[in-house]
Structures are given as C-alpha cells and as structure tokens.
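*Asks:* sharing a model prediction with you, sequence too.
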Amino acid sequence: MSSTSSETAGRWVGLDTLRAALLLLGLLYHASYAYVPDVGRWYFVEDSATHAAFAVLASLLHAFRMPAFMLLAGLFARLGYERRGAAGFLRERARRLLVPFALFVGPTVLADWGLRRLTRGAGLMDERFALLEGPAPRPLHLWFLLALFGLSAVGTLAAPLLASSVLRGVARWLARWPQPLVLLAVGTGAALQWVGEPLPAGSFLPEPASLLHHAPFFLLGWLWWPEREALQRWPLTRTAWVPAGVGLGAWLFSQPLQYQPQGRLLQGAVAWLVALGLLAWAARHRGGVKAPRAVAFVVDAAYWVYLVHYPVVLALQLALARLGWPAGLKYGLVVAGAAALSFGTWVPVRRSLLGALLGAK
C-alpha cells in the first residue's frame, strides 16, 4: 500500500478510508465477471445465468477504481519519501509490496491453475478461452503490487525533477483550480484507443498500456502531497463529479459507443471525474473523530481481503455455475461468501507477524 495505516489514521482518515474502499471494490469487480454476457472467451467460466447489468458494472469499476487508487498511492508515496528519504522509502515499499507479492503469488497462481483445470474438466470453460490458455504463470490481481513498487521507484528517481519550481507551480495552481485536469481525459482516451486497455494481470513485466493509464494519476498524487492543505479546502460541490462520472459511465458502457474513439475519450473522462471527485470527498475528512470500530476493522482488513479474495471468488463462481439461479442471486452469494471468508480469516491473521507486515493496527 502507499502508506501504513498508522501513519495516516487520525490525520487523513478520509484518504485512508477511500484507499480501503477502492481495494474492496476489487472483490465486487472480480465477482461480476462470470455473469457478463459472452464473457466466456475472456474468462475461465461463463455462468449460464448472465445479465447485461454486470457488463456495465464490470466496465464502470474497471474505468475508475485503479486510477483513483493510483492517485491516492502517489499522495502517500510522496509522504513516505519525505519521511524516510529515498533509501528508506524504497526499503519500506519493498517490505509492504514485494514481500507480500512473494508470499501470495505462488498459492494464488496454483489455485488459479487448479480451478481452471476443474472448470475445463467439468465442461464449463468456453473453448475460445481454452485455446488461449497457456502454461505460463501470471500475476493475476497481484499485478498492482509490482506496479506500485515500480511507480514508487520512478517517483524516487525523478524526485529532483518533480520538485522543480515549474512543476511545483503547476501543481499548486491545479490544486486550486483542478477543472482543467478533466482535459487529461484526452490523453487517457488516446492511450485506451491506440495502446489498448490496461490488462496487466497476464504478465510479470511492465505493460505499456498500464503505465500510460496509471502513471499520470500516480505522478499527480506525488506532486499534490505538498498541496494537501489546498486539497482539503476543495468545495463540497466537487464531490458531485463522482455521480457525474458514474452516470456517464453507466450510460457509456451500455452503448456500442464505448468501443469507438469518442467512447474511449468519454471513458477517460469517467476515470478523471470519479477519481477527482472521490479525492474531493476524502481530503475533507482529516480525522479528529475516531472512526467506529467496525469501520476501523474494515479499513484495517482491506489489504488482506484484496490479497486473498480472488481464488475464493473463482471457487464460488465455479461452485454455483451449474445452478439455475438468477445471475443477481449468484453474484450476491459470491460477494457475501468471499467477503465473509476474507474478513473472517483476517481476525487470526491480524495479530500475527503477517498481520504486522500488512500494516495491522
């Protein structure tokens, strides 16, 4: 993650809570895939019960969830760099990102491989997907740990440049007048159109589409940490960018336009509107009031839940695939089951050495 919870709690609890919420949305995102119509060519199982609403949901979450997370990651990365210096910051990033990656990637890949074998053996895998299957391991949902470490290293190396008076002046101006940032949707849309969707889960190597999509959000967050007081003064009306972006996305992803250049441009607008609107909400909540115990537990558990939920989601989707129940009911059961198991296992892990590694309070 981009900063330990203990460093941010009580000072920027809104940012910390938003970071946790964006991580937890990953569970909702991954659980939706089995119920997207005609997803069989891209996913390990296509349930017999599908609904177009899940195609909209998956596309909408994909459009804004990681961009918003990367914006927060850049903010907290700059905080860590300032507190620890370059060497200390990278050591902390390696401990919080690379060590968990090394611990979880093996079991996750093996579980994914085994579940795919079961799916194909049960005749539930689309042959178009089966033809794409290969023996090479992939980082799956853990890709973002590698991406965050890479972006943190880039930020560290480029820190002298990013601290230049020109960039500081631009960042200061944009922190006060962020409306022009929506124009970056042009760049995001162009990257989506000409380089492709960011789908880094299939490779351990940096993917150009992912870098072009996520790096601007991370670097903007890095530049904005010194301007955090200006962010805290953003008017409440800027939070309206969230429903505006969500509404635009819900409409866009139900239309064929989403696959055309104009649609890619609008997809970029969705990412920036929602990311900036969420930041407007989070930056206003700077602590002073202790979070309810249940909220604190959820925030504390979010990293663990993201790390462990994916194989559980796949297993539950496979277990329900042959049942003739509505897609909405199956989706709800997958989400509830995966959440219950993930949060439940955090209870004993929280007080262990692994819990400490993951930032348990």
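*Replies:* Done, it's in.
*Asks:* how about the most centrally placed residue in the chain, nearest residue that isn't a chain neighbour?
*Replies:* Nearest to the mean C-alpha position of the chain, counting by C-alpha atoms, centre = their mean, stands residue 66 at 3.5 Å. Among residues not flanking residue 66 along the chain, residue 214 sits closest, at 6.2 Å (C-beta to C-beta, 6 or more residues apart in numbering). The C-beta positions use only the backbone N, C-alpha and C, and glycine is treated the same way.
*Asks:* what about the one you found, helix or strand, and which?
*Replies:* Under the criterion of DSSP states H and E, residue 214 resides in helix 208-224.
*Asks:* what average pLDDT does that helix get?
*Replies:* For helix 208-224, mean pLDDT is 92.
*Asks:* contact partners for residue 56?
*Replies:* 249, 250, 253, 254 (C-beta atoms under 8 Å, 6 or more residues apart in numbering).
*Asks:* in helices only, show me those.
*Replies:* 249, 250 (DSSP state H).
*Asks:* format the contacts of residue 56 as a markdown table; extra columns: distance to residue 241 and neighbour count.
*Replies:* Output for the contacts of residue 56, formatted as a markdown table (distance: C-beta to C-beta, whole Å; neighbours: other C-beta atoms under 10 Å):
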| residue | distance to residue 241 | neighbour count |
| --- | --- | --- |
| 249 | 12 | 26 |
| 250 | 15 | 15 |
| 253 | 18 | 22 |
| 254 | 21 | 15 |
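*Asks:* out of the contacts of residue 56, which is nearest to residue 266?
*Replies:* Ranked by distance to residue 266 (C-beta to C-beta), the contacts of residue 56 are led by residue 249 at 8.2 Å.
*Asks:* these two touch, right, the closest one and residue 64?
*Replies:* Yes: between residue 249 and residue 64 there is a contact under C-beta atoms under 8 Å: 7.2 Å.
*Asks:* find residues that contact each of those two.
*Replies:* Both residue 249 and residue 64 are contacted by 270, 274, under the criterion C-beta under 8 Å, 6+ apart.
*Asks:* just the angle between the helix or strand where residue 169 lies and helix 208-224, please?
*Replies:* Using DSSP H and E, residue 169 sits in helix 165-176. Relative orientation of helix 165-176 and helix 208-224, computed by axes from the mean of the first three to the mean of the last three C-alpha atoms, to 10 degrees: 90 degrees.
*Asks:* let me know the secondary structure of residue 137.
*Replies:* Of the three states, residue 137 takes coil according to DSSP: H, G, I helix; E, B strand; the rest coil.
*Asks:* count the residues that sit near it.
*Replies:* Residue 137 has 15 neighbouring residues, counting by other C-beta atoms under 10 Å.
*Asks:* spatially nearest residue to it, not counting backbone neighbours?
*Replies:* residue 109 (4.6 Å).
*Asks:* then residue 216?
*Replies:* Closest residue to residue 216 apart from its sequence neighbours, by C-beta to C-beta, 6+ apart: residue 184 at 6.3 Å.
*Asks:* on that earlier part again, mind listing what's buried along the next helix or strand after the helix holding residue 214?
*Replies:* Going down the chain from helix 208-224, the next helix or strand is helix 228-232, by DSSP H and E. Neighbour counts over helix 228-232 (16 or more other C-beta atoms under 10 Å) mark 228, 230, 231 as buried.
*Asks:* on contacts alone, who are the packing partners of helix 228-232?
*Replies:* When contacts are defined as 3 or more C-beta pairs under 8 Å, 6 or more residues apart in numbering; DSSP states H and E, helix 228-232 sits against helix 165-176, helix 261-283.
*Asks:* and it, average pLDDT?
*Replies:* The average pLDDT for helix 228-232 rounds to 91.
*Asks:* low-confidence stretches in the stretch 1-150 of the chain?
*Replies:* Across the stretch 1-150 of the chain, the ranges flagged by pLDDT under 70 are 1-11, 131-136.
*Asks:* does the residue nearest to residue 216 really touch residue 271, like I thought?
*Replies:* No: using C-beta under 8 Å, residue 184 makes no contact with residue 271, being 9.0 Å away.
*Asks:* number of residues surrounding residue 260?
*Replies:* Neighbours around residue 260, by other C-beta under 10 Å: 12.
*Asks:* tell me the phi and psi of it?
*Replies:* Torsion angles at residue 260 (phi, psi; degrees, to the nearest 10) stand at phi -100, psi 160.
*Asks:* how near is it to residue 193?
*Replies:* Here residue 260 is placed at a distance of 9 Å from residue 193 (C-beta to C-beta, to the nearest Å).
*Asks:* swap in residue 14?
*Replies:* 34 Å.
*Asks:* more neighbours, the two?
*Replies:* Under the criterion of other C-beta under 10 Å, the comparison of residue 14 against residue 193 puts residue 14 first, with 20 against 17.
*Asks:* could you find the closest non-adjacent residue to that one?
*Replies:* Counting by C-beta to C-beta, 6+ apart, residue 14 lies nearest to residue 285, which is 2.9 Å off, once chain neighbours are set aside.
*Asks:* okay but the one you found is in contact with residue 13, surely?
*Replies:* Yes: counting by C-beta under 8 Å, residue 285 does reach residue 13; the two are 5.8 Å apart.
*Asks:* these two: which is more packed in?
*Replies:* Using other C-beta under 10 Å as the criterion, residue 285 and residue 13 rank with residue 13 on top: 22 against 17.
*Asks:* quick check, that one in contact with residue 284.
*Replies:* No: using C-beta under 8 Å, residue 13 is not in contact with residue 284; the gap is 10.8 Å.
*Asks:* fine by me, we can end here.
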